[in-house]
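A.B. asks: Need a 3D model of the sequence below.
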Amino acid sequence: MIGLLSDFRVRLGACVLAMAAIGGLGVVTHAKAPVTRPEGAEEPARTVVNRTALACPVPGVGGKVQSTVNAVSPTLPAGTPTATGDASPLSISPLAANANPLGSVLVRGKIASTTRTAKLEPLSIRGTGPLAAGTAATSTSTATDGVNRGMASVPCQVPGSDFWFVGASGAPGRRDVLVLTNLDSINAEVNVTIYSTDGVQDVPSARGVVVPARGTTEIYLGQAAPKLTDLALHIVSSGGRVSPAIRDNATSGQIPTGVDWLNASAQPSGKVVVPALAPGGGIRLLTVVNPGDLQATATLTVQGPNGPFKPAGLESLQIPAGSVKVVRLDKVLHGDPSAITIASDQPVTASTRMTDSSVTEFSTMGATERLTGPAYLVLPPHEQPVALQVTAPGQTAGVRFELRDATDKVIQTRSLDVVAGATNLITFKPQTRPTYLMVEQLRGEIVAGASLMPPAKPKADAVPMVAAWPLTTSLVFRAQLGAQPDVRAALK
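C.D. replies: Numbering: from 1, shown residues only. Below you'll find the predicted structure:
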């Protein structure tokens, strides 16, 4: 044995075997983390949505306001799978668990509507089964007088835990209220961070806000951030899920100058796009928030009907850390339908505020994500044409849209190319009944939104109706990560 060990080749082989044994033990005792997606898959697997929950807010009391909710389980593109089982109705109901439904979505493709009512209570849309995938709804109120004079219309919100709203205010002349809705059967708790042109605001009352189960909580920004004119809010749930909305009533002295809901904005990023700046006269204000710890340098690009351009004098913005910046764009847009791309060296997000030519009504549009699947939007009845705007912020892209009536009949459809950096405008005729719109990206990057503006020369006693609706990829599928066994469990 001693002779064998004295042989150099034997000793070398023994060392190699010992090292291999130690390495093998290391493989077992320090096992790699399990693979959480199927081998060869670049994207998470998708599973069909079989459950839906949406929160539909209502305005505050004031004036002769009437409110309604229009909802649809839309016709999906051919070949799209849906959940198995019976097509159980989706209920449109008040938040209480034992509340009687005020309406029901019974079949795919047909719009369900609640009766227009002066009783202002938030509603929920719930259900499971084949009708859940893609469900979309819009909450709309109108009033002919008082603080709610005009039109307030907003897509009903899917509950979540992280939201951004840009363009709020706590200043005199604005009555902005953050409405937090909890559709679940347990309490939720949220923290709200408020950014202004003066930086991040210390607002103890906005931290640890409890939203009761199947209930709502309101935060008045005039109290939380008094006299601050330009605000951005980051709403994060620390427990449970919420559906936030910001109600905005504007006045000039004692005269109402519009009401609407602020549409949510996309998460901060190095590049964000605000679509569907409505054509026509009026004010166009862009608000950008930089929530980071470093100053942001951002460049603006306008994507109009003739392609992209840098707005003179506004090509570059300096946005201090943790702060908000506001710029006025109507003079450089010249009344054209447009989108705004903000490219920044720090993550930012943004929104626009748009008024009619008489500055007596307004709407907002937040930055949106590019479409990665069909987007569905329920349009309430409207006496003026609705403008659909689709933008290709990068290369030339393809898009298809369908407008269907309340019985699922196709009213208008078309496939078109959108030139790189340009915005295309498609108009839909006035409708006396609700309709629903589908926009589907075929290739390239597409962002989209729709808007409603009153005529350039309305009748003297006409109540202006102004609205803006974002188009975002509808919840037809959820990401479902593949899984492999975790061998580490056997070593514990």
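A.B. asks: From now on I want contacts and neighbour counts done on CA atoms only, so please keep to that.
C.D. replies: Fine.
A.B. asks: can you give me the end-to-end distance of stretch 315-332?
C.D. replies: From its first residue to its last, stretch 315-332 covers 11 Å (Cα to Cα, to the nearest Å).
A.B. asks: Helices along the stretch 201-350 of the chain, start to end?
C.D. replies: Using DSSP state H, counting those that start in this stretch, the helices assigned to the stretch 201-350 of the chain run over residues 221-224, 330-333.
A.B. asks: quick one: buried residues of the first one?
C.D. replies: Applying a neighbour-count criterion of 16 or more other Cα atoms under 10 Å, one finds 221-222, 224 buried in helix 221-224.
A.B. asks: sorry, back to before: so can I have a markdown table of the helices of the stretch 201-350 of the chain showing distance to S124 and mean pLDDT?
C.D. replies: Converted to a markdown table, the helices of the stretch 201-350 of the chain look like this (distance: least, Cα to Cα, whole Å; pLDDT from 0 to 100):
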| stretch | distance to S124 | mean pLDDT |
| --- | --- | --- |
| helix 221-224 | 25 | 96 |
| helix 330-333 | 37 | 95 |
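A.B. asks: so which of these comes closest to V49?
C.D. replies: helix 221-224 (35.8 Å; Cα to Cα).
A.B. asks: Using PDB, write out the CA atom coordinates for the closest one.
C.D. replies: Below are the C-alpha coordinates for helix 221-224, written out as PDB (Å, rounded to 0.1, in the frame of the first residue of the first chain):
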ATOM      1  CA  LEU A 221     -55.900  66.600  -0.400                       C
ATOM      2  CA  GLY A 222     -56.900  70.200   0.600                       C
ATOM      3  CA  GLN A 223     -56.300  69.000   4.200                       C
ATOM      4  CA  ALA A 224     -53.400  66.700   3.700                       C
END
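A.B. asks: How far does stretch 70-77 stretch from one end to the other?
C.D. replies: 21 Å.
A.B. asks: Go through that stretch and flag the buried ones.
C.D. replies: 70-76.
A.B. asks: Closest to A448 out of the buried residues of helix 221-224?
C.D. replies: Taking Cα to Cα as the measure, A448 lies nearest L221 of those, at 29.6 Å.
A.B. asks: quick one on the thing from earlier: quick one: the helices of the stretch 201-350 of the chain as JSON lines, columns for distance to S91 too.
C.D. replies: Formatted as JSON lines, the helices of the stretch 201-350 of the chain follow (distance: least, Cα to Cα, whole Å):
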{"stretch": "helix 221-224", "distance to S91": "33"}
{"stretch": "helix 330-333", "distance to S91": "42"}
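A.B. asks: Would you mind identifying the next helix or strand past the strand or helix carrying T52?
C.D. replies: Taking DSSP states H and E as the definition, one finds T52 inside strand 51-56. Where DSSP H and E defines the elements, the next helix or strand beyond strand 51-56 is strand 65-72.
A.B. asks: Which strands or helices does that following strand pack on?
C.D. replies: With contacts defined as 3 or more Cα pairs under 8 Å, 6 or more residues apart in numbering; DSSP states H and E, the packing partners of strand 65-72 are strand 112-113, strand 136-143, strand 375-379.
A.B. asks: Redo these as JSON lines? Include distance to D202 and mean pLDDT.
C.D. replies: JSON lines is the format used below for the helices and strands packed on strand 65-72 (distance: least, Cα to Cα, whole Å; pLDDT from 0 to 100):
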{"stretch": "strand 112-113", "distance to D202": "42", "mean pLDDT": "98"}
{"stretch": "strand 136-143", "distance to D202": "33", "mean pLDDT": "97"}
{"stretch": "strand 375-379", "distance to D202": "37", "mean pLDDT": "98"}
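A.B. asks: Contacts only, for P434.
C.D. replies: 70, 111, 378-381, 405-406 (Cα atoms under 8 Å, 6 or more residues apart in numbering).
A.B. asks: let's see 10 Å
C.D. replies: Going by Cα atoms under 10 Å, 6 or more residues apart in numbering, P434 touches 70-71, 111-113, 138, 378-382, 404-407.
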